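Colleague: Here is my input, please return the structure:
(chains A and B)
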Amino acid sequence: MTRLRRLRAEFTAERRSFLRRRTAVFFTFVFPLLIVLIFGVLVQTDGGGVGLFARPPAFYVPGYLAVVVLFTPLSRVGSTVARHRDGARFEKLATTPLRRWEWLLAHATVNAAVIGLAALLLFVLTLLLTGVAVAPAPALLLLVPLVTLATILFCGVGCVVGRVAGSQDGVIAASNALALPLLFLSETFVAADQLPAWFRPAVGLSPLTYFARGVRALVDSGDPAVGVALTNLAAVAALAVVAVAAGAAAVPRTD
Amino acid sequence: MNTDATATPAVEAVDVSRHYGDVVALDGVSLSVAPGEVFGLVGPNGAGKTTLVRALTGTTDATGEVRLFGDPLPAVDRARLGLLPQSFSPADRLTARELVDYYAGLYDPRRARDVDAVLAEVGLADDTAVRYENLSGGQRRRVCVATALVNDPDLLFLDEPTAGVDPAGRRSLHGLVARLADEGTTVFLTSHSMDEVETLADRVGLVRDGSLVAVGPPDGLVAEHGGRARVLVETTGDPPALGLDGFDVERTTEGFVVADVGAADLPDVAESVVAAEVSPDAVTWAQPGLEEAYFRLTGEAFAGGEAERR
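Modeller: Prediction:
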């Protein structure tokens, strides 16, 4: 009960803090819209050709979702760690019963809720604006744990980034430096067969790859490939456990 | 004060050191604080006060041994501790009440105090709904103090609690600390205000360059190291010399300072002032304080929180 009370207190404080940062809320929801408008409406992905954006529109759904699942937790949690450190908040929390993993779990839950909403908005916009046809099927519900677990995964990574980077500015630079290569080299917007053969094994090192494969298995074919989606969901879940453990260990306790 | 000298010390530190590269922030500090005692740590900025608080709360990687309530740091029941870090800056978009409520939520409900009562104690009963970012500097600091009190701690670390607080707020917080001590809370207080620790602390530690140069009751430190009282003779114009054998007389821009003047010496000093036909604007007999003790122990003046070589 006491643990739940601590988690609720941390969750509530973080939820309020986030929702009162109007700029952060605005861009969390507008950023995905921009991505869909730019790639789905202006560039107009199209099947049958070669090169970038030449696949059928449904191919790029994992990429659109990856934008929010990857960038937002990395930058938000990283910045939060830096802000907490600058304000001696971890110093104070270290003398309370709150555990490091509890802190991270509460923040990851807030992020999962916010990013879940943003991802839902993005998914609906994608269907409306890009002409992607996804047949309603119960298997589509697997998108929920995929988005949730991937968000938690990158919250853990964001925590490590926040620990390593020396300042809030440093966090933004570091998270961008990490997220941009991941976004384009994880079978999201660029298929593996468009990359040099020698590089293709490296794609498997990106956690985002399993998220992209899982989402694509659900939306980019006539019938959802549930087996493929579940396999990749399991991979994302395992990586999330590792990332949360690393992130919790990275939460500062000392100066 | 409500101390029990025979009980297990609330704080016990043995040979605690902390180095940042070549910089020695703490150099073999040992001290003990009894339950219910108010211990004041005073020294200029950069002397090592905050590093010592961090070492005692386990928030810096110091060497040496620290025990709180007899337990080594990792085994300490953290619900018994309260901490106000020096540079604490909580979430600024939360109201005062939400902030204190957040920290209350981190403790067992049996331990957590009523949030409104805590805010009233620090003088913020009328500002509970104001966001932290919209509070004045002094009000912010009082919210921060409230977050350290919300679990009714047995051991309270306050690192410069009155920094930026106006005189009225300072007096209010002094009263609060005194009341907590009366109720049995052990308070470890750092300050760069000599007056503050002299007023509040049962014992004072004077710290300089990461070392404790003296520890004792304020009166004892002053009596042992502060020297005797001084007479300040303020005059206008160009006063003649005072004929006072056996006294150290210093001319200043305001007049004279006669050092080491005990009560029995006052008639001699007064006679010499009259004999020299000095027309004083004011004559003051100033008792020594911790500031003089600090100067005599370290050779450094204590002005505005910054040590100056004299």
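
Colleague: Looks like B:Asp108 contacts A:Arg6 (just checking).
Modeller: No. In this structure, B:Asp108 is not within contact of A:Arg6 by Cβ atoms under 8 Å, at 9.5 Å. For every residue, glycine as well, the C-beta is placed using N, CA and C.

Colleague: Pull up the overlap in contacts between those two.
Modeller: Counting by Cβ atoms under 8 Å, 6 or more residues apart in numbering or on different chains, the contacts common to B:Asp108 and A:Arg6 are A:Pro97.

Colleague: quick one: contacts for residue 90?
Modeller: Assuming you mean chain A. Neighbours of A:Phe90 in contact, by Cβ under 8 Å, 6+ apart: A:His84, A:Val251, A:Pro252, A:Arg253.

Colleague: Switch to chain B, please.
Modeller: A:Gly87, A:Arg89, B:Leu99, B:Tyr132, B:Val143, B:Cys144, B:Thr147.

Colleague: Quick one: residues contacting B:Gly210.
Modeller: Applying Cβ under 8 Å, 6+ apart, the residues contacting B:Gly210 are B:Ser17, B:Arg18, B:Val24, B:Ala25, B:Leu26, B:Asp27, B:Val29, B:Ala47, B:Gly48, B:Thr51.

Colleague: Restricted to helices, list the residues you listed.
Modeller: B:Thr51 (DSSP state H).

Colleague: Let me have the contacts of B:Gly210 in TSV, extended by pLDDT and distance to B:Trp285.
Modeller: Shown next, in TSV, are the contacts of B:Gly210 (pLDDT from 0 to 100; distance: Cβ to Cβ, whole Å):
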residue	pLDDT	distance to B:Trp285
B:Ser17	97	43
B:Arg18	96	43
B:Val24	93	41
B:Ala25	94	40
B:Leu26	96	39
B:Asp27	95	38
B:Val29	97	36
B:Ala47	89	31
B:Gly48	93	35
B:Thr51	96	39
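
Colleague: Which ones among the contacts of B:Gly210 map onto strands?
Modeller: B:Ser17, B:Arg18, B:Val24, B:Ala25, B:Leu26, B:Asp27, B:Val29 (DSSP state E).

Colleague: Adding neighbour count, write those residues out as CSV.
Modeller: Shown next, in CSV, are the ones in strands among the contacts of B:Gly210 (neighbours: other Cβ atoms under 10 Å in any protein chain shown):
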residue, neighbour count
B:Ser17, 17
B:Arg18, 22
B:Val24, 16
B:Ala25, 21
B:Leu26, 27
B:Asp27, 15
B:Val29, 25
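
Colleague: which pair in those residues spans the largest distance?
Modeller: B:Val24 and B:Val29 (11.0 Å; Cβ to Cβ).

Colleague: Which neighbours do these two have in common?
Modeller: In contact with both B:Val24 and B:Val29: B:Ser17, B:Gly210, using Cβ under 8 Å, 6+ apart.

Colleague: residues in the stretch 1-150 of chain B within reach of chain A, list them.
Modeller: B:54, B:57-61, B:78-79, B:81-91, B:93-94, B:98-99, B:101-109, B:147-148 (Cβ under 8 Å from any Cβ of the partner chain).

Colleague: swap the cut-off to 7 Å and go again
Modeller: B:54, B:57-61, B:78-79, B:81, B:83, B:85, B:87-91, B:93-94, B:98, B:102, B:105-109 (Cβ under 7 Å from any Cβ of the partner chain).

Colleague: quick one: low-confidence ranges for the stretch 101-250 of chain B?
Modeller: B:237-240 (pLDDT under 70).

Colleague: what are the ranges of the strands in it?
Modeller: B:155-159, B:186-191, B:203-208, B:211-216, B:230-235, B:249-251 (DSSP state E, counting those that start in this stretch).

Colleague: For the very next helix or strand once past the last one, enumerate the helices and strands it packs against.
Modeller: Elements were assigned by DSSP states H and E; along the chain past strand B:249-251, the next helix or strand is strand B:255-258. In terms of contact count using 3 or more Cβ pairs under 7 Å, 6 or more residues apart in numbering or on different chains; DSSP states H and E, strand B:255-258 is assigned the packing partners strand B:230-235, strand B:249-251.

Colleague: The longest one packs against which elements?
Modeller: On a contact count with 3+ Cβ pairs under 7 Å, 6+ apart, strand B:230-235 meets strand B:255-258, strand B:280-286.

Colleague: strands paired with the shortest one, and their directions?
Modeller: Same thing as strand B:255-258. Strand B:255-258 pairs in its sheet with strand B:230-235 (antiparallel), strand B:249-251 (antiparallel), by DSSP bridges.

Colleague: how distant is that strand from the center of its chain?
Modeller: 30 Å (Cα atoms, centre = their mean, to the nearest Å).

Colleague: Show residues contacting it.
Modeller: B:230-235, B:239, B:242, B:244, B:247, B:249-250, B:269, B:280 (Cβ atoms under 7 Å, 6 or more residues apart in numbering or on different chains).

Colleague: how about the closest residue to chain A within chain B, what does it touch?
Modeller: When scored by Cβ to the nearest Cβ, chain B has B:Gly105 as its residue closest to chain A, at 2.6 Å. When contacts are counted by Cβ under 7 Å, 6+ apart, B:Gly105 is found next to A:Arg5, A:Arg6, A:Arg8, A:Ala9.

Colleague: ditto for A:Leu239
Modeller: A:Leu239 sits in contact with A:Leu153, A:Pro207, A:Tyr210, where contact means Cβ under 7 Å, 6+ apart.

Colleague: need the residues of chain A near chain B, please.
Modeller: So chain A meets chain B at A:2, A:5-6, A:8-9, A:13, A:16-17, A:20-21, A:87-89, A:91-92, A:94-98, A:253-255 (Cβ under 7 Å from any Cβ).

Colleague: Spatially nearest residue to the residue of the stretch 1-150 of chain A found nearest chain B (excluding sequence neighbours)?
Modeller: Proximity of the stretch 1-150 of chain A to chain B (Cβ to the nearest Cβ) peaks at A:Ala9, 2.6 Å away. In space, and not counting its chain neighbours, A:Ala9 is closest to B:Gly105: 2.6 Å by Cβ to Cβ, 6 or more residues apart in numbering or on different chains.

Colleague: dump the residue contacts of the nearest residue to A:Gln168 once chain neighbours are set aside.
Modeller: In this structure, A:Gln168 finds its nearest non-sequential neighbour in A:Ala82, 4.4 Å apart by Cβ to Cβ, 6+ apart. A:Ala82 makes contact with A:Gly162, A:Ala165, A:Ser167, A:Gln168, A:Val171, according to Cβ under 7 Å, 6+ apart.

Colleague: Tell me which of the helices and strands packed on strand B:230-235 sits most buried.
Modeller: With neighbours taken as mean count of other Cβ atoms under 10 Å in any protein chain shown, those reach their highest mean count in strand B:255-258, at a mean of 22.

Colleague: C-terminal to it, what's the next element?
Modeller: Scanning onward from strand B:255-258 (DSSP H and E), the first element met is helix B:266-275.

Colleague: all helices for chain A, in order.
Modeller: A:2-19, A:22-35, A:61-86, A:89-93, A:100-130, A:143-164, A:168-184, A:200-203, A:207-219, A:226-250.

Colleague: Quick check: phi and psi on the closest residue to B:Val24 other than its chain neighbours?
Modeller: The shortest distance from B:Val24 to any non-neighbouring residue, by Cβ to Cβ, 6+ apart, is to B:Gly210 (5.1 Å). Torsion angles at B:Gly210 (phi, psi; degrees, to the nearest 10) stand at phi 80, psi 0.

Colleague: ditto for B:Thr185
Modeller: phi -70, psi 130.

Colleague: Could you list which residues are in contact with it?
Modeller: Taking Cβ under 7 Å, 6+ apart as the test, what B:Thr185 contacts is B:Pro153, B:Asp154, B:Leu156.

Colleague: so can I have CSV of the residues you listed showing neighbour count and distance to A:Leu34?
Modeller: CSV is the format used below for those (neighbours: other Cβ atoms under 10 Å in any protein chain shown; distance: Cβ to Cβ, whole Å):
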residue, neighbour count, distance to A:Leu34
B:Pro153, 22, 49
B:Asp154, 18, 54
B:Leu156, 26, 50
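
Colleague: Once you drop chain neighbours, what's closest to B:Ala282?
Modeller: Nearest to B:Ala282 is B:Glu234, by Cβ to Cβ, 6+ apart, at 4.4 Å.
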